[in-house]
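Colleague: What follows is a predicted protein model with its sequence.
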Amino acid sequence: MKKLLTLLIAVLTVSLLTACGSGDSANGDGGNSDGETYTVATDANFKPFEYKNPDTGEMEGFDIDLMKAIAKEAGFNVEFKTMQFDGLITGMQSGRYPLAIAGISITEKRKESISFSDPYYDSGLILMVNSDNNEIKSIDDVDGKTVGVKTGSTSEAYLKENTDAEVKAFPNIINAYMDVKNERLDASLYDLPNVKYYIQQNGEGKLKTVGDVLEGQSYGIALPKDSDLVDDVNKALQAVKDSGKYDEIYKKYFGSKPE
């Protein structure tokens, strides 16, 4: 009887382990089960590029789907680790993470300490103000005004280098948007697609963009300086574009294929 009980316990243990191993991996439908697994640093609050689904707790967004497609093409696996944006850049500079994707603008200053893939999305900076604000019509009108930005972003650097605005940095840019909406801030400066997405989804007619798109920038996948993965990622990114998968992902999140 004791031997039979031991055998039953062993069978149940194997069954449970098998069941646990059959669920979705951290990289969802991307990657290759036989390949290496890399941690990808990302932000959790940059819709529609990356965000955590409140119902499932899973990371979703344009960047997430694109990274999975690249991993699948390159033959490796990915798991995502969320963090504040400024911590993400620091983590890449120290080599703590092998990859990062979070709407990271490719700049000459950043290229001094980290490497980038080829560009995968063209963006820029845009000012957002309350719909009742008629004083700020462009970046020329922000001197002496309080403008919200995301900590460690290119918008923060742009304001400090090119204006006399009072810059208020937030770890989460949504807090800046809400303060503009409730007239606690004069304006916010951030990446065009994210600003437009927030106005469309949560603006409630109380927000608008003003002025020209500033500092036309491209997003790239970030890697530690001189990483051996750069070539593999670039080849996989190009393959994803050539196959039409990139257009498919783009349309899913932006409603139309890229121009």
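Modeller: In hand now; what should we look at? Numbers count the residues shown, from 1 in each chain.
Colleague: Can you give me every residue that contacts Thr107?
Modeller: For Thr107, the contact set (CB atoms under 8 Å, 6 or more residues apart in numbering) comprises 154, 217. Any C-beta I mention is one placed from the backbone N, CA and C, and that applies to glycine too.
Colleague: again, but for Asp226
Modeller: Here Asp226 is in contact with Ser115 (CB under 8 Å, 6+ apart).
Colleague: change it to 10 Å
Modeller: Shown in contact with Asp226 (CB atoms under 10 Å, 6 or more residues apart in numbering): 114-115.
Colleague: again with the one 10 residues further on
Modeller: Under the criterion of CB under 10 Å, 6+ apart, the neighbours of Ala236 are 67, 69-76, 117, 221, 229.
Colleague: So Tyr38, which state does it fall into?
Modeller: Of the three states, Tyr38 takes strand under DSSP: H, G, I helix; E, B strand; the rest coil.
Colleague: burial count for it?
Modeller: Tyr38 has 19 neighbouring residues, counting by other CB atoms under 10 Å.
Colleague: Next, the closest residue to it other than its chain neighbours: phi, psi?
Modeller: Using CB to CB, 6 or more residues apart in numbering and skipping the chain neighbours, the partner closest in space to Tyr38 is Pro98 (4.7 Å). When read as degrees, to the nearest 10, the backbone of Pro98 gives phi -80, psi -20.
Colleague: where exactly do the strands run in the stretch 1-150 of the chain?
Modeller: With DSSP state E, counting those that start in this stretch, the ranges of strands along the stretch 1-150 of the chain come out as 37-42, 45-46, 50-52, 59-60, 77-82, 99-100, 114-116, 121-130, 146-150.
Colleague: Could you pull up the contacting residues of the residue nearest to Tyr38?
Modeller: Shown in contact with Pro98 (CB under 10 Å, 6+ apart): 36, 38-41, 76, 78, 92, 222-224, 227-229.
Colleague: Rebuild the contacts of Ala236 as JSON lines, extending it with neighbour count.
Modeller: JSON lines is the format used below for the contacts of Ala236 (neighbours: other CB atoms under 10 Å):
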{"residue": "Met67", "neighbour count": "30"}
{"residue": "Ala69", "neighbour count": "23"}
{"residue": "Ile70", "neighbour count": "30"}
{"residue": "Ala71", "neighbour count": "27"}
{"residue": "Lys72", "neighbour count": "21"}
{"residue": "Glu73", "neighbour count": "22"}
{"residue": "Ala74", "neighbour count": "25"}
{"residue": "Gly75", "neighbour count": "13"}
{"residue": "Phe76", "neighbour count": "23"}
{"residue": "Ser117", "neighbour count": "25"}
{"residue": "Ile221", "neighbour count": "27"}
{"residue": "Leu229", "neighbour count": "19"}
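Colleague: Mean pLDDT added to the strands of the stretch 1-150 of the chain, as JSON lines?
Modeller: Formatted as JSON lines, the strands of the stretch 1-150 of the chain follow (pLDDT from 0 to 100):
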{"stretch": "strand 37-42", "mean pLDDT": "96"}
{"stretch": "strand 45-46", "mean pLDDT": "86"}
{"stretch": "strand 50-52", "mean pLDDT": "92"}
{"stretch": "strand 59-60", "mean pLDDT": "94"}
{"stretch": "strand 77-82", "mean pLDDT": "95"}
{"stretch": "strand 99-100", "mean pLDDT": "97"}
{"stretch": "strand 114-116", "mean pLDDT": "96"}
{"stretch": "strand 121-130", "mean pLDDT": "94"}
{"stretch": "strand 146-150", "mean pLDDT": "97"}
